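**Student:** Give me a model of this one.
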Amino acid sequence: MKIVGHYRLISEIGQGSMGRVFLAEDMRDSRQVALKAMLGETNSLQEKRFLREVQAMSRLSHPNIIQIYEVNKENNRYYFTMPYIEGEMLSELIAMKRLTTSRIIEITTKIARAIHYAHENDLLHRDLKPSNIMVNKQGEPIVMDFGLAKQFRDTTKLSQTGEILGTPAYMSPEQARSNQKIDGQTDVYSLGICFYEMLTGRVPFSGTKWQILAQLIHKKPAPPRQLNPQIHETLELICLKAIEKQKHLRFATAEEFAEELQRFGEGKSSHIKKRFAASFIAWMGKYHLPVMGALLIFVTIVCFILFYERVSQNPNHGQQMYKITFSESGDLPSKKDSLTIHGKAKPGSSLHRIFVNGREYTLENQQQFTKEVPILYGKKTVEVITLSRDHRWSRFTCEITRHAPQNQAFIFGDMTNNRRVHSQNVRQLQPERKFELGRYESAGAAVVCEDILYFALRRGGLQAWKTNDGTELWTFSTNHEVRATPAVMNGRVYFSDYQKLYCLDMYSGVEQWHFEINSPSRSIMVDEETVFVGCRNGKFFAIAIDGGMLRWKKDVVPKDSKPHRGRRSPYDFRGNSALYKDMVIATCSNKMVYCWKKNTGREVWAFRSESGVRTAPVVVGRTIYFGSNSGRMYGIDVGNKQQKWQFKVRNGVETTPLIYKNTIYFGCEGGYVYAVDLQRLKLKWEQKVDSEIASPVIVGDRLYCGSKLGELYAFDLSNGNIVYQQKCVDEIDRAPFVYQNKMFVTGEEILKTFILK
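**Tutor:** Numbers count the residues shown, from 1 in each chain. This next block holds a predicted model:
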């Protein structure tokens, strides 16, 4: 790897306006830093700008502005180092639509105050945009890349070349003209464009560089609420004031911008209209005599316009033109996941466009329309805005409450009972139905809830079938491979592919939200508020059920570790997590068991085993049970991680343990099945089958499990004798799922159901 000074370059992580940025290691203290070096082909002007960036940043000390560690020169090329920030660029968060209104306000307010601090220290940024703002793991925005920074009073030729500097889409009109004086209001404008993009998902102007510059000078931006009607009117007002083309109408300072956002966040009234009124009164006091006549005419015209607007734009006026009906109102049954909206224009009128909860539909002057609108759980307001060709609009609303059912279905780690133990006595398995999966191939075990069978498709997606007649209800397709067993909780079904975690309506398969995890995952656990998912790359996420927003995230990969290229990651959360009171417990292949607070992610404790852990943890009472690659089965206290007992067998533990009546059951490499007495720590019985088994379940007095060769076994709990063996499917590497009087066994290409008799 290349060495620069006392830094070892690890990888390139980006390119700024003046240089390339690398992830590097300071060899003096093994600290990871970001190192920015000048581009290979540079001239003296670029070198001066590069050094000016260093000088500019070194003068600033603010929690929301990147710091400089040191600057140096090697091989006639300058470089400087700064903190390596783990997180995501604001541009990525915008693209993934993961910003709530409150989060947008918080981020913009903090950036505005950071920029105001820079202005007070005689420094302009001049290239403020989402790709120059990082949001770290703690959620703090950090302003980066001061490559175009300029001192307020800088009059050198370096700043007066006439060159248009900046990014056109975020550039202020005075920057676009290049010959006008710029000051702090230039950065206010750029931040206003960032705010606009966070609210609407797009910038006001797009096209080629020169097309954008022309629009920037001559064209007004579309009001944010025209792009997203859900935006609050006051936020639109604040946004439009920040991006006023005329500087005297714009916020005078970034602090003024921040104050308006803070007032909105605190529920206080805006000062914008008050300031306008005060200015108008002052102007009138000064010029009342020469303009009195003109003002009288002006006021008359304005009153006429306002009267016309009130008549033509009044929603009640629109109600005379259109009739909108809703199929439901009030309480909606939990299984009813949509609302039908029917609209009809009255004679002499036609429908041009409609907005249903902010989503636009073009109708091309139709006389009527019918739309199905998905309804999420909870109390919702369905808003329909109709727009005629002559720009008359009408607003209709309907209050709907869809109650979430109280149901759940998942296999491991349940905090209240052991889902793999069922009390009914069974003496016979009667084959009932076979689901041919064919080229789709299953991924993970099947789960059943309210007579609906869910199983993931390895090639990307999730299917739902009726258990009573085997008919397909719906299929949800994704673009990436799936390995995780789905989980159901209160009307929603969750699963993940190699890039995203999905939340779907369990009855219709309509997507409620998705969250970018950017790594394969096979573990999903859900409680009433949060989805917990561990990934193969050492990251563990806690995601809010309502809305899919990140609550907290953990990364257990050491910062100084080398990139892993093998098939199996040494930091793989292979099994489901387990829940206990206010804690979540997760096992990892790096030999660790972690316990975190469910709501905050604060670490309670971490336990290190002697080898990697492949199995999910199971909590029974106050004890956590899990097995290791070296054949050790552990029992540790959930409160303080103290080891209560340990039992050693000959091969690595392969299956998640199953505890029932003071006995622990588990499978190991080589096809071994063990039953161990937990009170006496003695082996009760041992059995060997044709190949490795999947995690077992208990029904009555029998232990059921499948093998890699597709055999389904039943063992007598008391002595381990095999009382049932049958070739079932092609390969079984998932636990059977028992629902009422049926057992569901999943193979690669076949899923079979058995009636328990």
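
**Student:** Residue 240 and residue 451, how far apart?
**Tutor:** Distance, residue 240 to residue 451, by Cβ to Cβ, to the nearest Å: 53 Å. Just so you know, the C-beta spots here come from the backbone N, C-alpha and C atoms, and that holds for glycine as well.

**Student:** Those two - which one has more neighbours?
**Tutor:** Ranked by neighbour count (other Cβ atoms under 10 Å), residue 240 and residue 451 place residue 240 first, with 19 against 13.

**Student:** So residue 98 sits against residue 549, correct?
**Tutor:** Yes. Residue 98 is in contact with residue 549 according to Cβ atoms under 8 Å; the separation is 6.8 Å.

**Student:** Who has more neighbours out of the two?
**Tutor:** residue 98 (19 against 14).

**Student:** hang on, that one in a strand?
**Tutor:** No. Counting by DSSP: H, G, I helix; E, B strand; the rest coil, one finds residue 98 to be coil, located in no strand.

**Student:** Tell me the spacing between residue 127 and residue 21.
**Tutor:** 15 Å.

**Student:** quick one, which of those two is more surrounded?
**Tutor:** Per other Cβ under 10 Å, whichever of residue 127 and residue 21 has more neighbours is residue 127, with 23 against 18.

**Student:** From what I see, residue 206 and residue 212 are in contact.
**Tutor:** Yes. The criterion here is Cβ under 8 Å, and residue 206 meets it with residue 212 at 6.7 Å.

**Student:** joint contacts of the two?
**Tutor:** residue 169 (Cβ atoms under 8 Å, 6 or more residues apart in numbering).

**Student:** Just want to know which of the two has more residues nearby.
**Tutor:** Shown here are residue 206 and residue 212; by other Cβ under 10 Å, residue 212 has more neighbours (21 against 11).

**Student:** give me the element the more buried one is part of.
**Tutor:** helix 209-218 (DSSP states H and E).

**Student:** Show me which positions of stretch 217-234 end up buried.
**Tutor:** Buried residues in stretch 217-234, counting neighbours by 16 or more other Cβ atoms under 10 Å, are found at 221, 223-225, 227-229, 231, 234.

**Student:** Kindly reformat the residues you listed as JSON lines containing pLDDT.
**Tutor:** As requested, those are arranged in JSON lines below (pLDDT from 0 to 100):
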{"residue": "221", "pLDDT": "92"}
{"residue": "223", "pLDDT": "93"}
{"residue": "224", "pLDDT": "92"}
{"residue": "225", "pLDDT": "90"}
{"residue": "227", "pLDDT": "86"}
{"residue": "228", "pLDDT": "86"}
{"residue": "229", "pLDDT": "82"}
{"residue": "231", "pLDDT": "89"}
{"residue": "234", "pLDDT": "91"}
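
**Student:** Check those residues against residue 534 and report the nearest one.
**Tutor:** Nearest to residue 534 out of the buried residues of stretch 217-234 is residue 228 (Cβ to Cβ; 34.4 Å).

**Student:** what's the closest non-adjacent residue to that closest one?
**Tutor:** Distances taken as Cβ to Cβ, 6 or more residues apart in numbering place residue 200 nearest to residue 228, at 5.1 Å, with adjacent residues excluded.

**Student:** ranges for the helices of this protein?
**Tutor:** Taking DSSP state H, the helices of the chain run over residues 44-58, 90-95, 101-120, 173-177, 184-200, 209-218, 224-227, 233-242, 254-265, 272-313, 315-318.

**Student:** averaged over its residues, what pLDDT does the first one have?
**Tutor:** Averaged across helix 44-58, pLDDT comes to 69.

**Student:** quick revisit: and the helix holding residue 212, what does it pack against?
**Tutor:** If you count contacts as 3 or more Cβ pairs under 8 Å, 6 or more residues apart in numbering; DSSP states H and E, helix 209-218 packs onto helix 173-177.

**Student:** gap between the residue lying closest to residue 233 once chain neighbours are set aside and residue 236?
**Tutor:** Nearest residue to residue 233, sequence neighbours excluded (Cβ to Cβ, 6+ apart): residue 225, at 7.0 Å. Distance from residue 225 to residue 236, counting by Cβ to Cβ: 5 Å.

**Student:** What of residue 657?
**Tutor:** Residue 657 sits 57 Å away from residue 236, taking Cβ to Cβ as the criterion.

**Student:** mind saving the C-alpha coords of stretch 124-137 as CSV?
**Tutor:** What follows is stretch 124-137, C-alpha atoms only, in CSV (Å, rounded to 0.1, in the frame of the first residue of the first chain):
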residue,chain,number,x,y,z
LEU,A,124,-17.8,31.8,2.7
HIS,A,125,-18.2,28.2,1.6
ARG,A,126,-19.5,28.9,-2.0
ASP,A,127,-20.1,25.2,-2.9
LEU,A,128,-22.7,24.1,-0.3
LYS,A,129,-24.6,21.0,-1.5
PRO,A,130,-25.8,17.6,-0.1
SER,A,131,-22.8,15.8,-1.4
ASN,A,132,-20.5,18.1,0.6
ILE,A,133,-22.4,17.3,3.8
MET,A,134,-21.9,14.1,5.8
VAL,A,135,-24.3,12.8,8.5
ASN,A,136,-22.3,10.8,11.0
LYS,A,137,-23.3,7.8,13.1
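
**Student:** and that stretch, how far from the chain's centre?
**Tutor:** A distance of 20 Å separates the centroid of the chain from that of stretch 124-137, by Cα atoms, centre = their mean, to the nearest Å.

**Student:** mind listing what's buried in that stretch?
**Tutor:** Neighbour count says stretch 124-137 has 124-135 buried, by 16+ other Cβ under 10 Å.

**Student:** of all the residues you listed, which comes closest to residue 492?
**Tutor:** residue 135 (27.2 Å).

**Student:** Okay, and the beta partners of the closest one?
**Tutor:** residue 88, residue 141 (DSSP bridges).

**Student:** which residues touch it?
**Tutor:** By Cβ under 8 Å, 6+ apart, the contact list for residue 135 reads 87-90, 93, 107, 141-142.
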